[in-house]
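Enquirer: what's the 3D shape of this:
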Amino acid sequence: MNTTSDNQYKSSVVIPTDFQSFWELTVSQTEKIPLEPRLTKVQLYSSAELEVFDVRYKSYGGLDIAGWYVKPSSTKNALPGILQVPGYAGEPALPTSIAAKGYAVLSIAPRGKLRSNQVFNPGYPGLLTHNIENRDRYGYRGFYMDALRGYDLLRDLPGVDHQRLGVMGSSQGGALSLLVSSLRSDTVKAASAGCPYLCSIMDATSLTRSYPYEEINDYLRMYPEKRETVRTVLNYYDIHNFVDRITCPIIVNIGLKDDVCPPETGYAVYSAIGSDVKRLYEYDNCAHDAGTGLGHENIVMDFMSKHLK
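Expert: This next block holds a predicted model:
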């Protein structure tokens, strides 16, 4: 267990007075765009046990977003659904191992990922500071909505039990898991967030010198006069400001030697989560892997089974 004062860390993030109205408007604008889901079975990846589909849907700004949808081949009853959300630089993998446990799984590739970068492609590094000086045009506005609409798509797919839906991811995926659990708190039944990114963002730029957070420091070295503007914009996007609305059972895991997503920010966001049913897993000798390889992946799946099956 942690023996430092990190677990008492207080975030410096501030909630803007119009935070709720800004996101209500953003969600409303996005929901007016029909999803237009297109699912194409991929025979090459499918098997006798699992069906794999290439997925495309519309999101914020009308952009096409890609994903992989995998489900057991022969099912008579509606399946519990899981949205799997990706990390910052990596590409979403086929979620076959999760689907094989009896879930309908949608793994999405938000804008900027290889299969969704025809219009928006800031690069990695690049996404974190894309239009960072402009609240309305910041890259994560659409990125967040891509995750939210991916969840909506999964919820509405035939054969998916909309009363048994979960979301999971690590790093940036951990942030998106917290985001979706907040903005869809009325229907998400279980969430897992590993070493969550985008929490206490400006604090993290001082707590670590690793990328992606170092992208912000690079930007501010070039434009030091924009520091307060950047801080103000990021307050609208900081996951810390969303999580008090989470009501579902949730687990969070952090690595106490993580120099990518500092554990201090993990403790702070965990404390702010509104759910009465939450648990934090701390891994002493782990960095950004945060327990992966030590059995935490089994803890996640046991948790999902408990709450979705």
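
Enquirer: can I assume Ser12 is in contact with Ala204?
Expert: No - between Ser12 and Ala204 there is no contact, the gap being 10.5 Å when judged by C-beta atoms under 8 Å. For the C-beta atoms, the positions are set from N, CA and C on the backbone; glycine is no exception.

Enquirer: ok, these two, which is more surrounded?
Expert: Comparing Ser12 with Ala204 by other C-beta atoms under 10 Å, the one with more neighbours is Ala204, at 23 against 13.

Enquirer: SS state for the more buried one?
Expert: helix (DSSP: H, G, I helix; E, B strand; the rest coil).

Enquirer: what sits against it?
Expert: Going by C-beta atoms under 8 Å, 6 or more residues apart in numbering, Ala204 touches 213, 261-262, 265.

Enquirer: same check, this time on Pro95
Expert: 68, 70, 82, 84, 105-107.

Enquirer: in strands, which of those residues fall?
Expert: With strands taken from DSSP state E, the overlap with the contacts of Pro95 comprises 68, 70, 82, 84, 105-107.

Enquirer: now the two most distant members of those.
Expert: Trp68 and Ile82 (12.3 Å; C-beta to C-beta).

Enquirer: give me the common contacts of those two.
Expert: In contact with both Trp68 and Ile82: 95, 106, using C-beta under 8 Å, 6+ apart.

Enquirer: more neighbours: which of those two?
Expert: The neighbour comparison of Trp68 against Ile82 (other C-beta under 10 Å) goes to Ile82, with 26 against 23.

Enquirer: how far away is that one from Val269?
Expert: Separation of Ile82 from Val269 (C-beta to C-beta, to the nearest Å): 21 Å.

Enquirer: phi, psi of the closest residue to Ile201 other than its chain neighbours?
Expert: Nearest residue to Ile201, sequence neighbours excluded (C-beta to C-beta, 6 or more residues apart in numbering): Leu234, at 4.8 Å. Note on Leu234: its backbone torsions stand at phi -70, psi -30 [degrees, to the nearest 10].

Enquirer: so how many other residues sit close to Leu234?
Expert: So Leu234, with other C-beta under 10 Å, has 22 neighbours.

Enquirer: what sits against it?
Expert: 132, 201-202.

Enquirer: can you redo the residues you listed as JSON lines with pLDDT?
Expert: What follows is the contacts of Leu234, written out as JSON lines (pLDDT from 0 to 100):
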{"residue": "Ile132", "pLDDT": "98"}
{"residue": "Ile201", "pLDDT": "98"}
{"residue": "Met202", "pLDDT": "98"}
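
Enquirer: the nearest residue to Tyr223 once chain neighbours are set aside - how many residues pack around it?
Expert: Nearest residue to Tyr223, sequence neighbours excluded (C-beta to C-beta, 6+ apart): Glu133, at 7.8 Å. Residues near Glu133, counting by other C-beta under 10 Å, number 14.

Enquirer: Glu133 contacts Arg231, doesn't it?
Expert: No - contact criterion C-beta under 8 Å: Glu133 and Arg231 do not qualify, at 10.8 Å.

Enquirer: mean confidence score for stretch 235-252?
Expert: Taken as a whole, stretch 235-252 has an average pLDDT of 98.

Enquirer: and the end-to-end length of it?
Expert: Separation of the first and last residues of stretch 235-252 by C-alpha to C-alpha, to the nearest Å is 22 Å.

Enquirer: also stretch 240-251?
Expert: Taking C-alpha to C-alpha as the criterion, the two ends of stretch 240-251 lie 16 Å apart.

Enquirer: do the same with stretch 121-133
Expert: 18 Å.

Enquirer: list the buried ones in that stretch?
Expert: For stretch 121-133, the neighbour count (16 or more other C-beta atoms under 10 Å) marks 122, 125, 127-130, 132 as buried.

Enquirer: got CSV for those, with distance to Met145 and secondary structure too?
Expert: Converted to CSV, these look like this (distance: C-beta to C-beta, whole Å; DSSP: H, G, I helix; E, B strand; the rest coil):
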residue, distance to Met145, secondary structure
Pro122, 16, coil
Pro125, 22, coil
Leu127, 14, helix
Leu128, 17, helix
Thr129, 19, helix
His130, 15, coil
Ile132, 17, coil
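
Enquirer: from those residues, which two are the most distant?
Expert: Pro125 and Ile132 (12.1 Å).

Enquirer: correct me if wrong: Val13 contacts Arg231.
Expert: No - in this structure Val13 lies outside contact range of Arg231 using C-beta under 8 Å: 9.1 Å.

Enquirer: so for those two, which residue has more residues nearby?
Expert: Val13 (21 against 18).

Enquirer: neighbours of Leu257, just the number please.
Expert: Quick fix: residue 257 is Lys, not Leu. 14.

Enquirer: show me what contacts it?
Expert: By C-beta under 8 Å, 6+ apart, Lys257 lies in contact with 263, 284-287.
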